[in-house]
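*Asks:* how would this look folded up:
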Amino acid sequence: EGAFAVTATRGTATAARTVTDAYVSDSPERGERERSGRYVIVELDIADANASAIRYDGTLNQFYDLEGAYRVRVAQDVRDERGRVRLPASATPVANDDVLSPLVDEFARSTFAGSSGSALSYGLYSPQRYRDRPSSKRTFPLVVALHGAGERGTTGANLVANELAVAFVKPERQQKDPSFVLAPQAPPPSVQPVPAGSSVWEVPGVQSALMELITRTMAQYPVDPERVYITGLSMGSMGTFDILPKYPDLFAAALPVTGYADLESAPVIKDIPIWATHSRDDRTVLFDRADSDWHLMDAIEATGTPVVRDEWAGNLPDAENEARARAQWQRAEALGSHTLFTAFTAGTTPVNAHFSWVPTYSNDVMIDWLFSHVRGD
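*Replies:* Prediction:
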């Protein structure tokens, strides 16, 4: 690792990055180390203060221009096992000439113009099994992933800023549940203002464009109409709760994270499988606001539909996080309930109390639960 010196420039600031590993490989892929190879892989510490690819400006997440922003210098001679110099030390650094984003780059990016006049940028991931055999008659689930307020725009920030859509395209998830993943991106505030007390996904023109995009995706690709799922974080959760009662026969299940809802929708959505999550100390979307998802559970229970609730720390190790979710799911099955709510204990949600999506989308059991549902079952 000491043979390489790396700096990164973000805006006008240039600072060193920490090299954590260096190895050779025949593939330009992280982790594919070999005894010999055509490529040198230099890994950097993700905890570095200048490691991020985006910044939040108080309204939106903005990308740093990273093309050419990294300088890699061979600080010491790199020798092979026989002592021969294979990479000589040099005072001249090499700049990166491209930026690749694993998984994110597998989404086909495009723009959809709705009949309302609203246009949505979007990413669509197609499962490898469909790409290998596009003429096959096999159908696949469709996951619709709605981003939060900070990811509006046309840049693809909805795929990068938070783990949302990407959680469903990881190789191990696609191996288990191959699916199409639709990640629409709502217009920025400069194009689509949002009324106070509302979310961008509730704006009629934006929502109608979204539903037209979903309909078109289902018509153009082999989507199983009985296995269409919707999930969203923050503003995307609010959109999810607004869409479900309007289209109660479309979605097989929903996984909304840190949102609010019209409590009067409870009788309409009580039969839709829902697993909602929310941090107790969320100061962005208050846990106990009058129309929070927590109180929506009360309204659903008032219809006679059982709700299974639980609470645990949002920073548990993955295995414990999933064990708690599995136990909650088992209790729900024993009770005959398809409505679950998980609260994350105050002071335990990683990074920020609003970020309930961190322990949610990293929880394979919650995603297993989503895919377990078939509409009408």
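
*Asks:* pLDDT of the longest strand that the chain contains, averaged?
*Replies:* Using DSSP state E to define each element, the chain has its longest strand at strand 223-233. Averaging pLDDT along strand 223-233 gives 98.

*Asks:* again with stretch 287-298
*Replies:* For stretch 287-298, the per-residue pLDDT averages 97.

*Asks:* phi, psi of the residue nearest in space to the middle of the chain?
*Replies:* Centroid check for the chain by Cα atoms, centre = their mean gives Leu164 as the closest residue, at 1.0 Å. Taking degrees, to the nearest 10, you get phi -140, psi -90 for the backbone angles of Leu164.

*Asks:* apart from its chain neighbours, what residue comes closest to it?
*Replies:* Ala145 (5.0 Å; Cβ to Cβ, 6 or more residues apart in numbering). For every residue, glycine as well, the C-beta is placed using N, CA and C.

*Asks:* thought that neighbour was touching Gln185?
*Replies:* No. The pair Ala145 / Gln185 is not scored as a contact, 10.4 Å apart, by Cβ atoms under 8 Å.

*Asks:* please enumerate the shared neighbours of the two.
*Replies:* Common neighbours of Ala145 and Gln185 (criterion: Cβ atoms under 8 Å, 6 or more residues apart in numbering): Asn158.

*Asks:* between these two, who's got more neighbours?
*Replies:* Neighbours were counted for Ala145 and for Gln185 using other Cβ atoms under 10 Å; Ala145 has more, 27 against 22.

*Asks:* list phi and psi for that one.
*Replies:* phi -120, psi 110.

*Asks:* which residues touch it?
*Replies:* By Cβ under 8 Å, 6+ apart, the neighbours of Ala145 are Asn158, Leu164, Ala165, Phe168, Val181, Leu182, Ala183, Thr231, Gly232, Gly236.

*Asks:* now, those that are in helices?
*Replies:* When these are checked against helices (DSSP state H), the matches are Asn158, Gly236.

*Asks:* which of the contacts of Ala145 has the most neighbours?
*Replies:* Gly236 (31 neighbours).

*Asks:* let me know the pLDDT of it.
*Replies:* 98.

*Asks:* for Gly197, same thing?
*Replies:* Reading off the confidence values, Gly197 has pLDDT 82.

*Asks:* which of the three states applies to it?
*Replies:* Taking DSSP: H, G, I helix; E, B strand; the rest coil as the rule, one finds Gly197 in the coil state.

*Asks:* okay, it and Gly205: tell me how far apart.
*Replies:* 18 Å (Cβ to Cβ, to the nearest Å).

*Asks:* again, but for Arg152
*Replies:* For Arg152, the distance to Gly205 - Cβ to Cβ - is 14 Å.

*Asks:* all the helices of the stretch 101-250 of the chain, residue numbers only.
*Replies:* Using DSSP state H, counting those that start in this stretch, the helices of the stretch 101-250 of the chain run over residues 128-132, 157-160, 171-176, 204-220, 235-243.

*Asks:* tell me which of those lies nearest to Val72.
*Replies:* helix 157-160 (22.6 Å; Cβ to Cβ).

*Asks:* could I get the CA-only coordinates of the helix or strand harbouring Val24 as PDB?
*Replies:* Secondary structure assigned from DSSP states H and E places Val24 in strand 19-25. Only the C-alpha atoms of strand 19-25 are listed here, as PDB (Å, rounded to 0.1, in the frame of the first residue of the first chain):
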ATOM      1  CA  VAL A  19      -4.600   3.700   0.400                       C
ATOM      2  CA  THR A  20      -6.000   0.600   2.200                       C
ATOM      3  CA  ASP A  21      -4.900  -2.100  -0.300                       C
ATOM      4  CA  ALA A  22      -3.000  -2.600  -3.500                       C
ATOM      5  CA  TYR A  23      -2.800  -5.700  -5.700                       C
ATOM      6  CA  VAL A  24      -2.700  -7.000  -9.200                       C
ATOM      7  CA  SER A  25      -5.400  -8.600 -11.200                       C
END
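
*Asks:* just checking, what packs against that strand?
*Replies:* Contacts defined by 3 or more Cβ pairs under 8 Å, 6 or more residues apart in numbering; DSSP states H and E place strand 19-25 against strand 4-10, strand 39-44.

*Asks:* which ones are touching the residue nearest to the centre of the chain?
*Replies:* So Leu164 contacts Ala145, His147, Asn158, Ala183, Thr231, Gly232, Leu233, Gly236, Trp357, Tyr361 (Cβ under 8 Å, 6+ apart).

*Asks:* quick revisit: and the residue nearest to Leu164, what's its pLDDT?
*Replies:* 98.

*Asks:* same deal with Thr12?
*Replies:* The model reports Thr12 with a pLDDT of 89.

*Asks:* ok, Pro273 touching Leu255?
*Replies:* No. Using Cβ under 8 Å, Pro273 is not in contact with Leu255, being 9.3 Å away.

*Asks:* pull up the overlap in contacts between those two.
*Replies:* Contacts common to Pro273 and Leu255, judged by Cβ under 8 Å, 6+ apart, are absent.

*Asks:* more neighbours: Gly197 and Gly205, which one.
*Replies:* Using other Cβ under 10 Å as the criterion, Gly197 and Gly205 rank with Gly205 on top: 15 against 8.
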